[in-house]
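In: quick one: sequence and predicted model below, then my questions.
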Amino acid sequence: MTKRFFKALMTGAVLSVGVTGGAYAAECIAPANPGGGWDFTCRQIGKIMYDIGAVDQPVQVTNMAGAGGGLAYNHVVAERGSDEDLIVAASTATSTRLAQNAYAGMTADQVRFVGAIGADPGVIVVAADSPYQSLNDLVDAIKADPGSVAFAGGSAVGGFDHIKPLMILQRAGFTDIKKVKYIGVDGGADAITQTVGGFTQAMTGDMSEVVGFLKAGEVRVIAVLTEERIPGFEDIPTAKEQGLDVVAVNWRGLYVPKDISDAKFDEWAGKLQQVADSDEWKEAMVANGLAPFTKVGGDFQSYVDGLVAEINTMSKELGVIQ
């Protein structure tokens, strides 16, 4: 996909504004149609920023769907590179696509990632009757015989669900990642069905996809890929606790244009921290199945830089990209 194609898309893009009339403190671009995760990020964070007084005017929300977020990304880089009143919704999908060169040659260093304040935690899941009692049991089995374990996930080969167990295995010293069996199916529910049915030995996905199956006693979560245990699921250990330092979540956050001032970048980071600390955001996380995941400013930028580099390297090793 070329930059010319992106501009053609841009010409015909449908923009949906979330608030009308009056002045605005800022604009938040949701790189998708209304109703999805990026739209939720813009509308919920923008609303709370206004409600708690982090901004003194409502935040305008603009929907700019196209190319899996690439249309909005190109627009920001090409047209809005120094706009200090612009924020853009992003998630792990954004960093994965940038790592895999899915945005027509655009790179992650063409914007600044300002923060994430919630996430759908990554998980590794086995059937309730699985012989694997811990993450290390599973890892040891793969190291002994890579063909003995197959993972099911809701993303395609090379997608983030595929990348999660590979990150774990690399931390454990297993580097021949092409030998790891992975079956990409149509969503997390299908991946769990594969595992419960014994067609695969493990499932890799997000916490929100497995809660129902977990409560029904059909599966066990042997690791959650967060910094700390998840509230409400305190009996599930993290990968870090089990000696495998992997944090892999579907984070919900924002990026800003690259050429804004450091002072403005820090200001946006501060506003996002205010939202993260608010009761309103805590209620929104509970209502939408998100877990706490707060990284803002330089801390978040460093996290994204590392994530992009790791996914890029693994994608090359898998043959997903050249």
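Out: Structure received.

In: would you list the phi and psi of G118?
Out: phi -170, psi 160 (degrees, to the nearest 10).

In: list the buried ones in the helix or strand containing H75?
Out: Here H75, judged by DSSP states H and E, is contained in helix 70-79. For helix 70-79, the neighbour count (16 or more other C-beta atoms under 10 Å) marks 70-77 as buried. In short, each C-beta sits where N, CA and C put it, glycine included.

In: next SSE after it?
Out: strand 86-91.

In: and the next helix or strand past that following strand?
Out: helix 92-99.

In: what residues does that next one touch?
Out: 31, 68-70, 73, 103, 106-108, 159-160, 163, 249-251, 255, 304, 307-312, 315 (C-beta atoms under 8 Å, 6 or more residues apart in numbering).

In: strands along the stretch 151-300 of the chain, start to end?
Out: For the stretch 151-300 of the chain, the strands defined by DSSP state E, counting those that start in this stretch occupy 181-184, 202-206, 219-224, 249-257, 295-296.

In: does M167 touch E310 like I think?
Out: Yes: between M167 and E310 there is a contact at 6.7 Å, judged by C-beta atoms under 8 Å.

In: just want to know which of the two has more residues nearby.
Out: M167 (23 against 18; other C-beta atoms under 10 Å).

In: measure that one to V247 for me?
Out: 9 Å (C-beta to C-beta, to the nearest Å).

In: try A189
Out: From A189 to V247 the distance is 25 Å (C-beta to C-beta).

In: out of these two, which sits in the more crowded spot?
Out: Higher neighbour count among A189 and V247: V247, with 22 against 15, using other C-beta under 10 Å.

In: count of neighbours near A141?
Out: 16.

In: mind listing what it touches?
Out: 132, 148-149.

In: closest one to Y182 out of the buried residues of helix 70-79, please.
Out: G70 (25.0 Å; C-beta to C-beta).

In: and the closest residue to that closest one other than its chain neighbours, what does it touch?
Out: Closest residue to G70 apart from its sequence neighbours, by C-beta to C-beta, 6 or more residues apart in numbering: Y103 at 4.1 Å. Contact partners of Y103, counting by C-beta under 8 Å, 6+ apart, are 67, 69-70, 73-74, 97.

In: ok, now with 10 Å
Out: 1, 3, 6, 67-74, 77, 94, 97, 110 (C-beta atoms under 10 Å, 6 or more residues apart in numbering).

In: repeat that for F199.
Out: 150, 152, 183, 185, 193.

In: of those residues, which is the most crowded?
Out: A152 (27 neighbours).

In: that one and M203 touch, don't they?
Out: Yes: judged on C-beta atoms under 10 Å, A152 makes contact with M203 at a distance of 5.1 Å.

In: now the common contact residues for these two.
Out: 125, 161, 183, 185, 188, 190-196.

In: Q133 reaches I222, doesn't it?
Out: Yes: using C-beta under 10 Å, Q133 is in contact with I222, at 7.4 Å.

In: more neighbours: which of those two?
Out: I222 (22 against 11).

In: the nearest residue to that one once chain neighbours are set aside: how many residues sit nearby?
Out: Ranked by C-beta to C-beta, 6+ apart and with sequence neighbours excluded, the top spatial neighbour of I222 is L135, at 5.0 Å. By other C-beta under 10 Å, 27 other residues sit near L135.
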